[in-house]
Structures are given as C-alpha cells and as structure tokens.
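> sequence and predicted model, in that order:
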Amino acid sequence: MGGLNPKFKDFADKHPDATVLGMSWALYWRFGLLVLAIEAVFFGLLFIAGATFGDFGDHHRKDMHRTYGESMGMPIGGKLNIDEVCNSALAYMTFPDASSTEVFLSDCKAGGHPEVVERYKADMNLGDGAAI
C-alpha cells in the first residue's frame, strides 16, 4: 500500500489484517473514493444537462411583471406607466444633446410617439391588452 501518506503505508505494514466490519480497511478507502468519483460524474452530467436543456427563457421576466406590477412599469390593473415606457426608449436611442432628449421625452409622454409604446409592449410581451 504505497499511497501518498506514509502513515497509511506504515499502518498497512504493521496491521495487514485490520478490518472494518469484516472488510479490509483499504477496501473501505477504495470504495469511498469510487463513490465520490461516481457522484462527481453524476452531478457534473446533471449540471451540463440543466445548462443545455434548461428553460431560461423570458417567462421569468413575465412572471416578475405579474408579481411586482407597478414597480416594473406596469400597474396591476393593466395600464402602462408612460414615464417608464418613454424612459425605457432612451436605452436604444441616441440624441445629439440633452435638450433633444427632453423634447423627445415630453413629446413621448404627450402621446407623440406611439411606436415607442408598441415597441415596449412587444419587448415585454404584453400583447394588445396593455394600454396607457
């Protein structure tokens, strides 16, 4: 019994007949390592399968809208928060200066940009039921 730990070798040399519940103590060590290896492979495959076939789609975002409602920009009653809708449009738009941004926001909040509302509804998968 070579191994990395010289105390195990010494123990094996001094007590070659040592047993645990009738089995060689070395067999218990080997069995334990085998169990650990099998568990590592099993949980590794489980992780890979979960990452590959797991459903990490947009349903989590939809559930958050249903749960948190108004704090996410959509009140529970089904009406959209126009401030949230118009402010979210700033994430994908560019303006030459701050005054242009303010003009866009005021026009959007007044209803001058219905395409922003439609894009928000499409991005959030809200359908036609949500209104301002």
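Noted; the coordinates are in hand.

> what about residue 29, how many neighbours?
14 (other C-beta atoms under 10 Å). Every C-beta, even on glycine, is put in place using the N, C-alpha and C of the backbone.

> quick one: low-confidence parts of the protein?
Scanning the chain for pLDDT under 70 picks out 1-9, 11-12, 16, 20-23, 25-26, 54-78, 127-130.

> how is the chain partitioned into domains?
6-53, 59-123 (automatic domain parsing).

> return the backbone torsion pair for residue 96.
phi -70, psi -30 (degrees, to the nearest 10).

> could I get the domains of the chain as TSV with distance to residue 132?
Listed next are these as TSV, based on distance: least, C-beta to C-beta, whole Å:
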stretch	distance to residue 132
domain 6-53	39
domain 59-123	5
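
> give me whichever of the ones you listed is most buried.
domain 59-123 (a mean of 13; mean count of other C-beta atoms under 10 Å).

> which one is residue 85 nearest to, not counting chain neighbours?
Computed as C-beta to C-beta, 6 or more residues apart in numbering, the closest residue to residue 85 that is not its neighbour in sequence is residue 120, at 4.6 Å.

> strands of this structure, residue ranges please.
Using DSSP state E, the strands of the chain run over 19-20, 23-24.

> quick revisit: how about the contacts made by the residue nearest to residue 85?
Residue 120 is in contact with 80, 85, 88-89, 126, counting by C-beta atoms under 8 Å, 6 or more residues apart in numbering.

> quick one: it from residue 89, how far?
7 Å (C-beta to C-beta, to the nearest Å).

> please apply the same query to residue 119.
7 Å.

> what's the answer for residue 99, then?
Distance from residue 99 to residue 89, by C-beta to C-beta: 17 Å.

> hang on, isn't residue 85 packed against residue 124?
No - Residue 85 lies out of contact with residue 124 (C-beta atoms under 8 Å); the separation is 9.4 Å.

> could you check how far the residue nearest to residue 83 when sequence neighbours are not counted is from residue 79?
Leaving aside its sequence neighbours, residue 83 sits nearest to residue 109 (C-beta to C-beta, 6+ apart; 6.7 Å). Residue 109 is 14 Å from residue 79, where distance means C-beta to C-beta.
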